[in-house]
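**Q** Make a model of this:
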Amino acid sequence: MCTRLPAVAAIALAAMVVVSAQNAPREVDLVVTGGTVVTVDASGRVIETGAVAIDGTDIVAVDTADSIAKQFRGRDTIDAAGQIILPGLINTHTHAPMVLYRGLADDLPLMEWLNNYIFPAESKTVSPEFVRAGTRLAALEMIESGTTTFTDMYYFEEEIAKETRLAGLRGVLGQTIIQFPVADAKTPADGLARAEAFIAAFKGDGLITPAVAPHAIYTLDGPTLRAARELSKRYSVPTLIHLAETNDETKVARERRAASPVAYLEGLGFLGPGVVAAHGVWVTDSDIQVLKMRGVGVSHNPESNMKTASGTAPVPAYLRAGVPVGLGTDGAASNNDLDMFEAMRFAALLHKHATVDPSTLSARTALEMATIRGARALGMESRIGSLEPRKRADVITVSVAGARQTPMYDAISHLVYVLRGDDVRNTIVNGKVLMRNQKVQTLDEAGVIADARTWAEKVRAAVKPADTKR
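**A** Numbering: from 1, shown residues only. Below is the predicted model:
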(Lines give C-alpha, C1' and ligand atoms only; values in the text may rest on other atoms or scores of the structure.)
Protein backbone atom coordinates (compact mmCIF):
# COMPACT_ATOMS: atom_id res chain seq x y z
CA MET A 1 0.00 0.00 0.00
CA CYS A 2 2.70 2.43 1.01
CA THR A 3 4.66 1.77 -2.15
CA ARG A 4 1.68 2.95 -4.23
CA LEU A 5 1.17 6.30 -2.47
CA PRO A 6 3.78 8.23 -4.48
CA ALA A 7 2.15 7.14 -7.74
CA VAL A 8 -1.32 8.10 -6.52
CA ALA A 9 -0.01 11.46 -5.28
CA ALA A 10 1.66 12.09 -8.61
CA ILE A 11 -1.59 11.41 -10.48
CA ALA A 12 -3.52 13.68 -8.13
CA LEU A 13 -0.94 16.41 -8.53
CA ALA A 14 -1.05 16.12 -12.31
CA ALA A 15 -4.84 16.37 -12.22
CA MET A 16 -4.62 19.49 -10.07
CA VAL A 17 -2.18 21.03 -12.53
CA VAL A 18 -4.52 20.30 -15.43
CA VAL A 19 -7.50 21.79 -13.59
CA SER A 20 -5.44 24.82 -12.60
CA ALA A 21 -4.31 25.32 -16.19
CA GLN A 22 -7.88 25.06 -17.41
CA ASN A 23 -8.99 27.72 -14.91
CA ALA A 24 -6.04 30.03 -15.53
CA PRO A 25 -6.83 33.31 -17.27
CA ARG A 26 -6.20 33.27 -21.02
CA GLU A 27 -3.28 35.43 -22.06
CA VAL A 28 -4.19 38.19 -24.53
CA ASP A 29 -2.29 41.11 -25.98
CA LEU A 30 -4.07 43.98 -24.23
CA VAL A 31 -6.67 44.64 -21.55
CA VAL A 32 -8.20 48.11 -21.17
CA THR A 33 -9.78 48.12 -17.74
CA GLY A 34 -11.37 50.10 -14.93
CA GLY A 35 -13.36 52.66 -16.89
CA THR A 36 -17.02 53.12 -17.75
CA VAL A 37 -17.52 51.07 -20.91
CA VAL A 38 -19.99 52.49 -23.45
CA THR A 39 -20.36 49.65 -25.92
CA VAL A 40 -22.78 51.22 -28.48
CA ASP A 41 -23.88 47.66 -29.17
CA ALA A 42 -27.44 46.68 -30.12
CA SER A 43 -28.53 46.61 -26.47
CA GLY A 44 -26.78 49.89 -25.64
CA ARG A 45 -24.84 48.37 -22.74
CA VAL A 46 -23.02 50.71 -20.38
CA ILE A 47 -20.76 48.92 -17.86
CA GLU A 48 -19.89 51.12 -14.89
CA THR A 49 -16.54 49.50 -14.09
CA GLY A 50 -15.77 47.54 -17.19
CA ALA A 51 -12.98 46.25 -19.36
CA VAL A 52 -12.18 45.24 -22.93
CA ALA A 53 -9.90 42.32 -23.76
CA ILE A 54 -8.02 42.54 -27.06
CA ASP A 55 -5.98 39.90 -28.85
CA GLY A 56 -4.28 40.63 -32.14
CA THR A 57 -6.50 42.93 -34.16
CA ASP A 58 -9.78 41.90 -32.49
CA ILE A 59 -11.87 42.44 -29.40
CA VAL A 60 -12.30 39.10 -27.63
CA ALA A 61 -14.49 40.14 -24.67
CA VAL A 62 -16.30 43.11 -23.16
CA ASP A 63 -17.51 42.75 -19.56
CA THR A 64 -17.07 43.97 -16.02
CA ALA A 65 -13.49 44.51 -14.93
CA ASP A 66 -13.75 41.66 -12.41
CA SER A 67 -15.10 39.24 -15.00
CA ILE A 68 -12.41 40.14 -17.55
CA ALA A 69 -9.69 39.76 -14.86
CA LYS A 70 -10.88 36.22 -14.12
CA GLN A 71 -10.89 35.24 -17.78
CA PHE A 72 -7.95 37.13 -19.29
CA ARG A 73 -4.46 38.32 -18.47
CA GLY A 74 -3.06 41.05 -20.68
CA ARG A 75 0.53 41.10 -21.80
CA ASP A 76 -0.14 44.83 -21.73
CA THR A 77 -2.71 46.72 -19.67
CA ILE A 78 -4.17 50.21 -19.85
CA ASP A 79 -5.68 51.47 -16.60
CA ALA A 80 -8.73 53.49 -17.62
CA ALA A 81 -9.97 54.40 -14.13
CA GLY A 82 -11.64 57.81 -14.25
CA GLN A 83 -12.23 57.43 -17.98
CA ILE A 84 -14.90 56.32 -20.45
CA ILE A 85 -13.98 53.44 -22.77
CA LEU A 86 -15.82 53.56 -26.10
CA PRO A 87 -15.50 52.65 -29.77
CA GLY A 88 -13.14 54.79 -31.83
CA LEU A 89 -14.93 57.61 -33.62
CA ILE A 90 -15.64 57.37 -37.35
CA ASN A 91 -15.31 60.50 -39.50
CA THR A 92 -17.37 59.79 -42.63
CA HIS A 93 -16.20 62.79 -44.67
CA THR A 94 -13.04 64.87 -44.74
CA HIS A 95 -10.13 66.02 -46.91
CA ALA A 96 -7.13 65.27 -44.70
CA PRO A 97 -4.34 67.30 -46.38
CA MET A 98 -6.52 70.42 -46.32
CA VAL A 99 -5.51 70.92 -42.69
CA LEU A 100 -2.68 72.92 -44.27
CA TYR A 101 -5.32 75.43 -45.46
CA ARG A 102 -6.85 75.76 -41.99
CA GLY A 103 -8.06 79.36 -41.67
CA LEU A 104 -6.83 80.39 -45.13
CA ALA A 105 -10.22 81.83 -46.08
CA ASP A 106 -13.19 82.10 -43.72
CA ASP A 107 -16.69 83.60 -43.50
CA LEU A 108 -17.55 82.98 -47.16
CA PRO A 109 -20.29 81.14 -49.08
CA LEU A 110 -19.17 77.71 -50.25
CA MET A 111 -18.89 78.39 -53.99
CA GLU A 112 -17.05 81.68 -53.49
CA TRP A 113 -14.76 79.96 -50.97
CA LEU A 114 -14.04 77.12 -53.39
CA ASN A 115 -13.72 79.00 -56.68
CA ASN A 116 -11.94 82.15 -55.48
CA TYR A 117 -9.72 80.81 -52.71
CA ILE A 118 -9.36 77.04 -52.29
CA PHE A 119 -9.13 75.90 -55.93
CA PRO A 120 -6.55 78.65 -56.75
CA ALA A 121 -4.52 77.82 -53.63
CA GLU A 122 -4.56 74.12 -54.51
CA SER A 123 -3.41 74.81 -58.06
CA LYS A 124 -0.31 76.54 -56.71
CA THR A 125 0.63 74.34 -53.76
CA VAL A 126 -0.67 70.76 -53.96
CA SER A 127 2.04 68.17 -54.57
CA PRO A 128 2.87 64.71 -53.23
CA GLU A 129 5.05 66.35 -50.57
CA PHE A 130 2.24 68.74 -49.56
CA VAL A 131 -0.20 65.83 -49.31
CA ARG A 132 2.17 63.77 -47.16
CA ALA A 133 2.79 66.64 -44.74
CA GLY A 134 -0.91 67.49 -44.53
CA THR A 135 -1.91 63.88 -43.96
CA ARG A 136 0.60 63.49 -41.13
CA LEU A 137 -0.77 66.62 -39.46
CA ALA A 138 -4.37 65.42 -39.91
CA ALA A 139 -3.47 61.95 -38.61
CA LEU A 140 -1.85 63.47 -35.54
CA GLU A 141 -4.94 65.58 -34.85
CA MET A 142 -7.29 62.63 -35.36
CA ILE A 143 -5.31 60.25 -33.14
CA GLU A 144 -5.15 62.89 -30.42
CA SER A 145 -8.92 63.52 -30.61
CA GLY A 146 -10.15 59.92 -30.81
CA THR A 147 -10.91 59.36 -34.48
CA THR A 148 -9.87 55.86 -35.51
CA THR A 149 -11.45 55.67 -39.00
CA PHE A 150 -11.73 58.51 -41.50
CA THR A 151 -13.19 58.81 -44.98
CA ASP A 152 -11.16 60.96 -47.34
CA MET A 153 -11.44 62.53 -50.78
CA TYR A 154 -8.38 64.24 -52.23
CA TYR A 155 -5.50 64.13 -54.71
CA PHE A 156 -2.44 61.84 -54.66
CA GLU A 157 -4.56 59.51 -52.53
CA GLU A 158 -1.86 56.83 -52.61
CA GLU A 159 0.33 59.19 -50.55
CA ILE A 160 -2.52 59.69 -48.08
CA ALA A 161 -2.89 55.91 -47.84
CA LYS A 162 0.80 55.37 -47.13
CA GLU A 163 0.88 58.02 -44.39
CA THR A 164 -2.40 56.77 -42.91
CA ARG A 165 -1.04 53.24 -42.68
CA LEU A 166 2.21 54.45 -41.10
CA ALA A 167 0.23 56.43 -38.51
CA GLY A 168 -1.86 53.31 -37.80
CA LEU A 169 -5.26 54.79 -38.62
CA ARG A 170 -8.05 53.11 -40.54
CA GLY A 171 -9.05 54.92 -43.74
CA VAL A 172 -11.71 54.73 -46.45
CA LEU A 173 -9.76 56.75 -48.99
CA GLY A 174 -11.10 58.01 -52.31
CA GLN A 175 -9.01 59.13 -55.27
CA THR A 176 -10.72 62.31 -56.48
CA ILE A 177 -11.93 62.63 -60.06
CA ILE A 178 -12.78 66.13 -61.27
CA GLN A 179 -13.43 67.73 -64.67
CA PHE A 180 -10.71 70.39 -64.74
CA PRO A 181 -6.93 69.91 -64.51
CA VAL A 182 -5.66 69.35 -60.97
CA ALA A 183 -2.30 68.52 -59.42
CA ASP A 184 -2.39 64.78 -60.03
CA ALA A 185 -4.57 64.50 -63.16
CA LYS A 186 -4.97 66.75 -66.18
CA THR A 187 -8.20 65.11 -67.37
CA PRO A 188 -11.02 63.02 -65.86
CA ALA A 189 -9.62 60.04 -67.79
CA ASP A 190 -6.30 60.53 -65.99
CA GLY A 191 -8.18 60.66 -62.68
CA LEU A 192 -10.00 57.42 -63.45
CA ALA A 193 -6.73 55.71 -64.37
CA ARG A 194 -5.16 56.92 -61.12
CA ALA A 195 -8.19 55.63 -59.18
CA GLU A 196 -7.86 52.19 -60.75
CA ALA A 197 -4.15 52.03 -59.96
CA PHE A 198 -4.88 53.15 -56.40
CA ILE A 199 -7.45 50.38 -55.94
CA ALA A 200 -4.99 47.79 -57.25
CA ALA A 201 -2.31 48.98 -54.84
CA PHE A 202 -4.43 48.89 -51.68
CA LYS A 203 -7.29 46.41 -52.21
CA GLY A 204 -7.29 43.93 -49.35
CA ASP A 205 -5.17 46.09 -47.03
CA GLY A 206 -5.89 45.61 -43.32
CA LEU A 207 -6.29 49.34 -42.66
CA ILE A 208 -6.95 50.98 -46.02
CA THR A 209 -10.18 50.64 -47.99
CA PRO A 210 -9.61 52.23 -51.42
CA ALA A 211 -12.50 54.10 -53.00
CA VAL A 212 -13.39 56.13 -56.09
CA ALA A 213 -14.33 59.76 -55.42
CA PRO A 214 -16.10 61.62 -58.24
CA HIS A 215 -16.14 65.13 -56.78
CA ALA A 216 -19.70 66.34 -57.45
CA ILE A 217 -22.34 66.73 -60.15
CA TYR A 218 -21.30 70.37 -60.65
CA THR A 219 -17.67 69.45 -61.38
CA LEU A 220 -18.25 66.36 -63.55
CA ASP A 221 -20.29 65.46 -66.61
CA GLY A 222 -22.65 62.52 -66.85
CA PRO A 223 -20.35 60.10 -68.72
CA THR A 224 -17.54 60.64 -66.19
CA LEU A 225 -19.90 60.10 -63.26
CA ARG A 226 -21.07 56.85 -64.85
CA ALA A 227 -17.49 55.75 -65.50
CA ALA A 228 -16.47 56.47 -61.90
CA ARG A 229 -19.37 54.47 -60.53
CA GLU A 230 -18.72 51.58 -62.88
CA LEU A 231 -15.10 51.52 -61.75
CA SER A 232 -16.23 51.24 -58.12
CA LYS A 233 -18.63 48.42 -58.91
CA ARG A 234 -16.05 46.55 -60.98
CA TYR A 235 -13.73 46.33 -57.98
CA SER A 236 -16.43 46.30 -55.24
CA VAL A 237 -15.11 49.42 -53.53
CA PRO A 238 -17.00 52.45 -52.17
CA THR A 239 -17.96 55.52 -54.19
CA LEU A 240 -17.63 58.88 -52.40
CA ILE A 241 -19.34 62.02 -53.71
CA HIS A 242 -20.46 65.49 -52.57
CA LEU A 243 -24.22 65.67 -53.03
CA ALA A 244 -26.82 68.45 -52.69
CA GLU A 245 -24.57 70.51 -50.45
CA THR A 246 -25.92 73.95 -51.39
CA ASN A 247 -29.14 75.44 -52.64
CA ASP A 248 -27.25 76.82 -55.66
CA GLU A 249 -26.18 73.30 -56.63
CA THR A 250 -29.81 72.20 -56.51
CA LYS A 251 -31.03 75.21 -58.52
CA VAL A 252 -28.43 74.67 -61.22
CA ALA A 253 -29.26 70.97 -61.41
CA ARG A 254 -32.94 71.74 -61.91
CA GLU A 255 -32.20 74.42 -64.52
CA ARG A 256 -29.66 72.39 -66.53
CA ARG A 257 -30.84 68.84 -65.94
CA ALA A 258 -34.50 69.30 -64.99
CA ALA A 259 -33.93 67.16 -61.91
CA SER A 260 -32.73 67.38 -58.33
CA PRO A 261 -29.12 66.24 -57.73
CA VAL A 262 -30.40 62.95 -56.30
CA ALA A 263 -32.82 62.40 -59.20
CA TYR A 264 -30.08 63.23 -61.70
CA LEU A 265 -27.74 60.60 -60.22
CA GLU A 266 -30.60 58.12 -60.07
CA GLY A 267 -31.22 58.71 -63.77
CA LEU A 268 -27.56 57.96 -64.48
CA GLY A 269 -27.82 54.64 -62.62
CA PHE A 270 -25.23 55.99 -60.20
CA LEU A 271 -26.90 55.35 -56.85
CA GLY A 272 -26.62 52.05 -55.03
CA PRO A 273 -24.96 50.20 -52.14
CA GLY A 274 -21.45 51.46 -51.52
CA VAL A 275 -22.22 55.07 -52.40
CA VAL A 276 -21.50 57.52 -49.57
CA ALA A 277 -23.01 60.96 -50.18
CA ALA A 278 -21.47 63.85 -48.27
CA HIS A 279 -23.78 66.59 -46.98
CA GLY A 280 -27.18 65.79 -48.55
CA VAL A 281 -28.59 69.11 -47.36
CA TRP A 282 -30.98 70.13 -50.14
CA VAL A 283 -33.07 67.02 -50.65
CA THR A 284 -36.80 66.38 -50.89
CA ASP A 285 -38.83 63.65 -49.23
CA SER A 286 -38.83 61.75 -52.52
CA ASP A 287 -35.03 62.14 -52.75
CA ILE A 288 -34.72 60.63 -49.27
CA GLN A 289 -36.84 57.68 -50.31
CA VAL A 290 -34.61 57.12 -53.35
CA LEU A 291 -31.48 57.18 -51.20
CA LYS A 292 -33.08 54.71 -48.79
CA MET A 293 -34.23 52.42 -51.62
CA ARG A 294 -30.76 52.42 -53.19
CA GLY A 295 -28.90 51.77 -49.94
CA VAL A 296 -26.89 55.00 -50.05
CA GLY A 297 -25.07 56.17 -46.90
CA VAL A 298 -25.11 59.86 -45.99
CA SER A 299 -22.41 61.84 -44.19
CA HIS A 300 -23.79 64.73 -42.13
CA ASN A 301 -21.31 67.61 -41.67
CA PRO A 302 -23.03 70.07 -39.33
CA GLU A 303 -20.11 72.39 -38.60
CA SER A 304 -19.02 72.88 -42.21
CA ASN A 305 -22.63 73.36 -43.34
CA MET A 306 -23.21 75.95 -40.62
CA LYS A 307 -19.94 77.80 -41.25
CA THR A 308 -20.55 78.14 -45.00
CA ALA A 309 -24.27 78.78 -44.43
CA SER A 310 -25.06 75.93 -46.79
CA GLY A 311 -28.19 74.92 -44.89
CA THR A 312 -29.34 72.27 -42.45
CA ALA A 313 -29.51 68.68 -43.64
CA PRO A 314 -32.85 66.97 -42.85
CA VAL A 315 -31.20 64.43 -40.57
CA PRO A 316 -34.35 63.64 -38.55
CA ALA A 317 -36.12 62.79 -41.82
CA TYR A 318 -33.19 60.60 -42.91
CA LEU A 319 -33.29 58.76 -39.61
CA ARG A 320 -37.06 58.25 -39.74
CA ALA A 321 -36.70 56.83 -43.25
CA GLY A 322 -33.94 54.45 -42.17
CA VAL A 323 -31.17 56.01 -44.25
CA PRO A 324 -27.79 55.19 -42.66
CA VAL A 325 -26.33 58.54 -41.54
CA GLY A 326 -22.85 59.11 -40.12
CA LEU A 327 -21.04 62.25 -39.01
CA GLY A 328 -18.18 64.05 -40.72
CA THR A 329 -16.07 67.09 -40.01
CA ASP A 330 -15.40 67.95 -43.66
CA GLY A 331 -11.92 69.36 -44.26
CA ALA A 332 -10.25 71.56 -41.69
CA ALA A 333 -10.23 74.37 -44.25
CA SER A 334 -13.99 74.76 -43.78
CA ASN A 335 -14.55 73.58 -40.20
CA ASN A 336 -11.74 74.39 -38.96
CA ASP A 337 -10.75 71.22 -37.08
CA LEU A 338 -11.18 67.44 -37.17
CA ASP A 339 -12.67 67.04 -33.68
CA MET A 340 -15.51 64.51 -33.87
CA PHE A 341 -16.66 65.36 -30.33
CA GLU A 342 -17.54 68.80 -31.65
CA ALA A 343 -19.32 67.19 -34.60
CA MET A 344 -21.47 65.16 -32.21
CA ARG A 345 -22.35 68.15 -30.07
CA PHE A 346 -23.13 70.43 -33.03
CA ALA A 347 -25.28 67.75 -34.66
CA ALA A 348 -27.38 67.31 -31.53
CA LEU A 349 -27.76 71.06 -30.89
CA LEU A 350 -28.33 72.08 -34.52
CA HIS A 351 -31.33 69.81 -35.01
CA LYS A 352 -32.89 70.69 -31.67
CA HIS A 353 -32.65 74.33 -32.72
CA ALA A 354 -33.89 73.73 -36.27
CA THR A 355 -36.94 71.74 -35.16
CA VAL A 356 -37.61 73.72 -31.95
CA ASP A 357 -37.76 70.35 -30.22
CA PRO A 358 -35.19 69.44 -27.54
CA SER A 359 -35.88 65.74 -28.01
CA THR A 360 -34.74 65.81 -31.64
CA LEU A 361 -31.46 63.96 -32.20
CA SER A 362 -30.64 62.73 -28.71
CA ALA A 363 -27.16 62.35 -27.26
CA ARG A 364 -27.39 58.60 -27.85
CA THR A 365 -28.25 59.11 -31.53
CA ALA A 366 -25.41 61.64 -31.97
CA LEU A 367 -22.97 59.15 -30.43
CA GLU A 368 -24.28 56.38 -32.67
CA MET A 369 -23.81 58.63 -35.72
CA ALA A 370 -20.15 59.03 -34.75
CA THR A 371 -19.75 55.26 -34.24
CA ILE A 372 -22.06 52.43 -35.33
CA ARG A 373 -24.29 54.50 -37.64
CA GLY A 374 -21.19 55.91 -39.30
CA ALA A 375 -19.89 52.37 -39.75
CA ARG A 376 -23.26 51.43 -41.28
CA ALA A 377 -23.11 54.36 -43.70
CA LEU A 378 -19.71 53.05 -44.86
CA GLY A 379 -20.89 49.43 -45.03
CA MET A 380 -18.43 48.47 -42.28
CA GLU A 381 -20.76 47.81 -39.33
CA SER A 382 -19.74 44.14 -39.11
CA ARG A 383 -16.13 45.18 -38.38
CA ILE A 384 -16.15 48.51 -36.51
CA GLY A 385 -18.43 50.98 -34.73
CA SER A 386 -19.14 49.19 -31.42
CA LEU A 387 -17.32 47.30 -28.69
CA GLU A 388 -18.22 43.66 -29.31
CA PRO A 389 -16.32 40.38 -29.54
CA ARG A 390 -14.93 39.58 -33.01
CA LYS A 391 -14.99 43.24 -34.09
CA ARG A 392 -11.78 45.09 -34.79
CA ALA A 393 -10.15 46.54 -31.70
CA ASP A 394 -10.69 50.25 -32.45
CA VAL A 395 -11.02 51.67 -28.93
CA ILE A 396 -10.51 55.02 -27.24
CA THR A 397 -10.57 56.20 -23.64
CA VAL A 398 -11.63 59.69 -22.56
CA SER A 399 -10.95 61.32 -19.20
CA VAL A 400 -13.87 62.35 -17.00
CA ALA A 401 -11.72 63.15 -13.96
CA GLY A 402 -11.41 66.94 -14.28
CA ALA A 403 -13.50 69.82 -12.98
CA ARG A 404 -15.29 70.31 -16.31
CA GLN A 405 -16.35 66.67 -16.39
CA THR A 406 -17.56 66.57 -12.77
CA PRO A 407 -20.11 65.35 -11.78
CA MET A 408 -21.05 62.69 -14.33
CA TYR A 409 -24.56 61.24 -14.10
CA ASP A 410 -24.79 59.85 -17.62
CA ALA A 411 -21.75 58.75 -19.64
CA ILE A 412 -23.47 59.14 -23.02
CA SER A 413 -24.64 62.66 -22.19
CA HIS A 414 -21.09 63.51 -21.14
CA LEU A 415 -19.61 62.19 -24.38
CA VAL A 416 -21.81 64.48 -26.48
CA TYR A 417 -22.40 67.58 -24.36
CA VAL A 418 -19.29 67.84 -22.16
CA LEU A 419 -16.24 66.11 -23.59
CA ARG A 420 -13.82 67.38 -26.24
CA GLY A 421 -11.18 65.84 -28.41
CA ASP A 422 -8.39 66.95 -26.11
CA ASP A 423 -9.93 64.86 -23.30
CA VAL A 424 -8.91 61.66 -25.13
CA ARG A 425 -6.19 59.75 -23.28
CA ASN A 426 -5.65 56.54 -25.29
CA THR A 427 -6.31 55.63 -28.92
CA ILE A 428 -6.15 52.05 -30.20
CA VAL A 429 -6.68 50.93 -33.81
CA ASN A 430 -6.66 47.32 -34.98
CA GLY A 431 -5.34 46.35 -31.56
CA LYS A 432 -2.34 48.67 -31.76
CA VAL A 433 -1.91 51.50 -29.24
CA LEU A 434 -1.45 54.68 -31.29
CA MET A 435 -1.64 57.04 -28.31
CA ARG A 436 -0.94 56.12 -24.69
CA ASN A 437 -1.74 58.61 -21.95
CA GLN A 438 -1.88 61.43 -24.53
CA LYS A 439 1.50 60.58 -26.05
CA VAL A 440 1.22 59.61 -29.72
CA GLN A 441 3.35 56.53 -30.41
CA THR A 442 3.33 56.39 -34.21
CA LEU A 443 4.17 59.98 -35.19
CA ASP A 444 6.85 62.47 -34.20
CA GLU A 445 4.58 65.24 -32.94
CA ALA A 446 7.21 67.99 -32.92
CA GLY A 447 8.44 67.02 -36.38
CA VAL A 448 4.95 66.86 -37.87
CA ILE A 449 4.04 70.31 -36.53
CA ALA A 450 7.34 71.86 -37.62
CA ASP A 451 6.86 70.46 -41.12
CA ALA A 452 3.31 71.82 -41.25
CA ARG A 453 4.51 75.28 -40.27
CA THR A 454 7.09 75.19 -43.07
CA TRP A 455 4.34 74.33 -45.53
CA ALA A 456 2.16 77.13 -44.18
CA GLU A 457 4.88 79.60 -45.14
CA LYS A 458 4.99 78.11 -48.64
CA VAL A 459 1.20 78.45 -48.93
CA ARG A 460 1.38 82.04 -47.70
CA ALA A 461 4.07 82.85 -50.28
CA ALA A 462 2.21 81.14 -53.12
CA VAL A 463 -1.17 82.73 -52.48
CA LYS A 464 -1.29 86.44 -53.27
CA PRO A 465 -2.89 88.76 -50.72
CA ALA A 466 -5.70 89.45 -53.24
CA ASP A 467 -6.48 85.71 -53.27
CA THR A 468 -7.48 85.79 -49.62
CA LYS A 469 -8.79 89.35 -49.29
CA ARG A 470 -12.18 89.45 -47.63
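**Q** contacts and neighbour counts: CA atoms only from here.
**A** Will do.
**Q** which stretches of the stretch 1-150 of the chain aren't confidently modelled?
**A** Low-confidence segments of the stretch 1-150 of the chain, defined by pLDDT under 70, span residues 1-22.
**Q** So what would you say the end-to-end distance of stretch 416-427 is?
**A** The separation between the terminal residues of stretch 416-427, taken as CA to CA, to the nearest Å, is 18 Å.
**Q** Return the distance of it from the chain's centre.
**A** Here stretch 416-427 shows a centroid-to-chain-centroid distance of 15 Å under the convention CA atoms, centre = their mean, to the nearest Å.
**Q** all helices of the stretch 251-400 of the chain, in order?
**A** With DSSP state H, counting those that start in this stretch, the ranges of helices along the stretch 251-400 of the chain come out as 261-268, 285-294, 302-307, 315-321, 340-355, 363-369, 372-377.
**Q** and of these, who's closest to E141?
**A** For those, the distance to E141 is smallest for helix 340-355, at 10.7 Å, taking CA to CA.
**Q** and the closest one, how far out from the chain's middle?
**A** Relative to where its chain is centred, helix 340-355 has its mean C-alpha point 17 Å off (CA atoms, centre = their mean).
**Q** pLDDT averaged over it, what's the number?
**A** If you average the pLDDT over helix 340-355, you get 98.
**Q** biggest strand in the chain by residues?
**A** Among the elements of the chain assigned as strand by DSSP state E, the one spanning the most residues is strand 26-38.
**Q** Kindly calculate the angle that the next helix or strand after it makes with strand 26-38.
**A** Note on strand 26-38: by DSSP states H and E, the next helix or strand toward the C-terminus is strand 46-55. For strand 46-55 and strand 26-38, the angle between their directions (axes from the mean of the first three to the mean of the last three CA atoms, to 10 degrees) works out to 150 degrees.
**Q** Can you give the contact residues for strand 46-55?
**A** Under the contact criterion CA atoms under 8 Å, 6 or more residues apart in numbering, strand 46-55 has outside partners 28-39, 59-66, 68, 72, 74, 387, 393, 431.
**Q** just stretch 228-242 next, same as before
**A** Counting by CA under 8 Å, 6+ apart, stretch 228-242 makes contact with 153, 174, 177, 192, 196, 199, 209-217, 270, 274-280, 378, all of which sit outside it.
**Q** Now go through these and say which are in strands.
**A** For the contacts of stretch 228-242, the ones inside strands are 153, 174, 177, 209-214, 275-279, with DSSP E as the criterion.
**Q** Dump these to TSV, plus distance to I90 and neighbour count.
**A** Rendered in TSV, the data for the ones in strands among the contacts of stretch 228-242 read as follows (distance: CA to CA, whole Å; neighbours: other CA atoms under 10 Å):
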residue	distance to I90	neighbour count
M153	15	28
G174	16	32
I177	24	33
T209	14	19
P210	16	32
A211	16	32
V212	19	32
A213	18	30
P214	21	29
V275	17	28
V276	14	29
A277	15	26
A278	14	26
H279	16	29
